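Q: Could you look at this predicted model? Sequence included:
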Amino acid sequence: MKKLLILVAVLFSSIHSFGQNENRIIKVDFNKTAGKINKMFKECIGAGRANEGLRADWQQQLAMVKKECDFKYIRFHGLLTDDMAIYREDEKGNPEYNYQYVDVLFDYIVSLKMKPFVELGFMPNALASGKETIFWWKGNVTPPKDYKKWEDLIRNLTAHFKERYGDEEVKTWYFEVWNEPNLSPGFWSSTQDEYYKLYDYAVRGVKAVNPAYKVGGPATAGAAWVPETIAFCEKNNVPIDFISTHTYGVKHGYLDEFGTSGTILSKDEFSVSGEVINSRKQITESAKPNLELHYTEWSASYTPADPIHDSYHSAAYILQKLKQVGNAANSMSYWVFTDIFEEAGPRFTPFHGGFGLLNTQGIKKPAYFSYYLMNKLGETELQNSDKASWTSKNAKGDVQVLLWDFTNTHPGDKELNQTYYIKDLPSKEKGKVKIEVYGMQKGKYVLEIYKVGYKVNDAYADYLAMNKPSQLTREQVNSIKEKNNGAPIATEKITIDAKGTFSREFKINENDVFFLNLIKQ
């Protein structure tokens with residue numbers, strides 16, 4: 001307890017008043033609200049491919065992620081690929097359908113009180129018009145050889161979902177047609193017009209089961225084809241219930257199938273968020289201005305071998321981008337929740353720059369804690385002019401303050417992410433932050449303080465300190481997990497007097513994330 005009080009004193013020491021370079025103040029009034037807090041950040045989360053969801057470790061990790069971050073939907077590739085054994089044809093060319101693997105996966109997702117964001121892709125080999133594939137697991141990216149059989153497959157699959165999970169449940173799902181068809185020949189071997197044909201027939205299949213089921217696309221890379229897709233649907237009277245697209249925060253490129261490309265984190269202050277805001281603008285100015293907008297993939301980088309994904313810089317980056325997006329998107333689905341992800345084949349090291357919030361062993365990366373802490377925010381947002389924080393309260397009278405500093409320290413074009421973010425990168429001081437909350441309810445509180453930053457909930461730093469072993473022992477995994485478990489760095493009992501004021505000041509470094517939870521007793 002003595003050590004704890006010393007830590008609190010160091011964290012919140014107020015030796016002198018704010019100077020010229022120490023002028024960040026987060027000032028909020030408990031009674032001045034900004035409405036219900038926008039929880040779009042936890043509407044959806046990504047995963048690699050459907051077949052990976054049959055693994056025990058994948059399922060165990062998803063259960064933890066659901067419990068601690070509370071994502072509502074999950075989206076993945078490969079639902080229709082041959083490793084899910086959905087489709088084949090008999091010797092006469094008649095379709096045969098099988099949903100035994102799909103049922104195992106979807107039953108598990110639903111058991112967690114999550115919902116599938118159903119990506120319809122890739123093409124079953126027996127239905128494909130060609131042999132072009134993508135990824136180690138060979139997802140077929142060619143159009144169907146017979147569009148009526150494609151429509152029938154989608155209708156049969158959707159009818160199966162209706163029978164198994166009920167009409168009211170499936171009405172809440174989303175059906176997204178394909179993935180990144182603008183990346184040809186990568187994810188789609190044909191043209192934009194051919195994609196629209198694929199989309200048209202898929203919509204017919206879904207809507208034949210229930211016209212109320214939600215179908216959309218075009219699931220493009222780089223926020224492409226949004227006006228064109230709406231225009232196609234409007235001109236041809238094809239239903240569309242939402243727009244989906246993707247964006248990543250690096251300077252150039254869209255696809256790095258085997259994790260061999262070099263990337264550079266963009267210096268544009270509004271990378272990612274600027275594209276989301278523009279997509280919303282495109283929808284608003286279209287013939288269908290009220291369509292939902294779902295960014296079904298986003299991250300700092302599109303490659304499965306980018307060490308920024310493992311770096312402590314990612315935690316503040318995620319918060320900064322989501323805050324900038326504001327109400328422009330209905331969901332921002334981070335790509336992905338786990339490094340159990342085999343697009344480039346099984347990974348050979350525990351920290352390899354994988355997309356996941358968790359590594360293969362279930363170690364929580366700094367990015368994980370962005371979502372863990374956002375999930376602790378209350379239901380009601382407090383008015384707050386600070387651009388790098390959220391302030392909230394709940395019905396019980398608790399107050400939450402989530403704040404961060406995002407500083408893009410990347411040196412720019414002279415160095416790649418792949419060599420920069422693998423280094424030991426100490427964070428520099430950024431002055432002090434003062435938090436002032438007025439109008440609080442009088443009484444006793446427990447103050448919990450959480451932190452993410454350099455060497456704090458920074459699993460990669462601990463891995464680096466171990467000299468980056470290519471394989472981790474059970475003891476090493478447990479050691480890293482224990483040190484990076486997201487527990488409060490300090491807990492303190494405080495009393496709010498009749499004035500109802502809480503005030504604290506503390507030092508902040510580059511890319512630090514702090515969460516203060518004032519729990520009324």
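A: Great, that's in hand.

Q: Spatially central residue for the protein, please.
A: Tyr334 (1.7 Å; C-alpha atoms, centre = their mean).

Q: Let's see the pLDDT reported for that residue.
A: pLDDT for Tyr334: 98.

Q: Any idea what it is bridged to?
A: Ile45, Trp298 (DSSP bridges).

Q: Ok, the one 4 residues further on next?
A: Assessed by DSSP bridges, Thr338 has beta-bridge partners Leu358.

Q: Roughly how far does it sit from Lys507?
A: 34 Å (C-beta to C-beta, to the nearest Å). For glycine as for every other residue, the C-beta is placed from the backbone atoms N, C-alpha and C.

Q: quick one, which of those two is more surrounded?
A: Counting neighbours by other C-beta atoms under 10 Å for Thr338 and for Lys507 shows that Thr338 has the greater number, 26 against 15.

Q: Would you enumerate the residues in contact with the nearest residue to Asn511 once chain neighbours are set aside?
A: Once flanking residues are discounted, Asn511 sits nearest to Ala316: 4.4 Å by C-beta to C-beta, 6 or more residues apart in numbering. For Ala316, the contact set (C-beta atoms under 8 Å, 6 or more residues apart in numbering) comprises Ser370, Trp404, Asp405, Phe406, Thr407, Asn511, Asp512, Val513.

Q: can you list these in JSON lines and add secondary structure, pLDDT and neighbour count?
A: JSON lines is the format used below for those (DSSP: H, G, I helix; E, B strand; the rest coil; pLDDT from 0 to 100; neighbours: other C-beta atoms under 10 Å):
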{"residue": "Ser370", "secondary structure": "helix", "pLDDT": "98", "neighbour count": "27"}
{"residue": "Trp404", "secondary structure": "strand", "pLDDT": "98", "neighbour count": "26"}
{"residue": "Asp405", "secondary structure": "coil", "pLDDT": "98", "neighbour count": "21"}
{"residue": "Phe406", "secondary structure": "coil", "pLDDT": "98", "neighbour count": "20"}
{"residue": "Thr407", "secondary structure": "coil", "pLDDT": "98", "neighbour count": "17"}
{"residue": "Asn511", "secondary structure": "coil", "pLDDT": "98", "neighbour count": "27"}
{"residue": "Asp512", "secondary structure": "coil", "pLDDT": "98", "neighbour count": "25"}
{"residue": "Val513", "secondary structure": "strand", "pLDDT": "98", "neighbour count": "26"}
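
Q: quick one: the helices in the chain?
A: Assignment of helices within the chain using DSSP state H yields the ranges 2-11, 56-69, 100-111, 147-165, 167-170, 192-209, 226-236, 273-284, 313-325, 366-374, 417-420, 459-465, 474-483.

Q: which secondary structure elements does the third one contact?
A: In this structure, helix 100-111 packs against helix 56-69, strand 115-120, helix 147-165, with contacts taken as 3 or more C-beta pairs under 8 Å, 6 or more residues apart in numbering; DSSP states H and E.

Q: Now that helix: buried residues?
A: Tyr101, Val102, Leu105, Phe106, Tyr108, Ile109 (16 or more other C-beta atoms under 10 Å).

Q: nearest to Pro95, of those residues?
A: Val102 (15.5 Å; C-beta to C-beta).

Q: Surely that closest one and Ala50 touch.
A: Yes - with contact defined as C-beta atoms under 8 Å, Val102 and Ala50 form a contacting pair (7.4 Å).

Q: overlap in contacts of those two?
A: Leu79, Met84.

Q: how near is Val325 to Val276?
A: Taking C-beta to C-beta, one finds Val325 at 5 Å from Val276.

Q: tell me the contacts of Thr81?
A: Arg49, Ala50, Asn51, Phe122, Pro124, Trp137, Lys138, Gly139, Asn140.

Q: how many neighbours does the fifth one have?
A: Which is Pro124. Neighbours of Pro124 (other C-beta under 10 Å): 21.

Q: Report the contact partners of it.
A: Counted by C-beta under 8 Å, 6+ apart, Pro124 has contacts Leu80, Thr81, Asp82, Ile86, Tyr87, Arg88, Asn140, Leu153.

Q: ok, now how distant is the spatially closest residue to the third one that is not a sequence neighbour from Ile240?
A: This points to Asp82. Nearest non-adjacent residue to Asp82, counting by C-beta to C-beta, 6+ apart: Asn125, 5.4 Å away. Separation of Asn125 from Ile240 (C-beta to C-beta): 29 Å.
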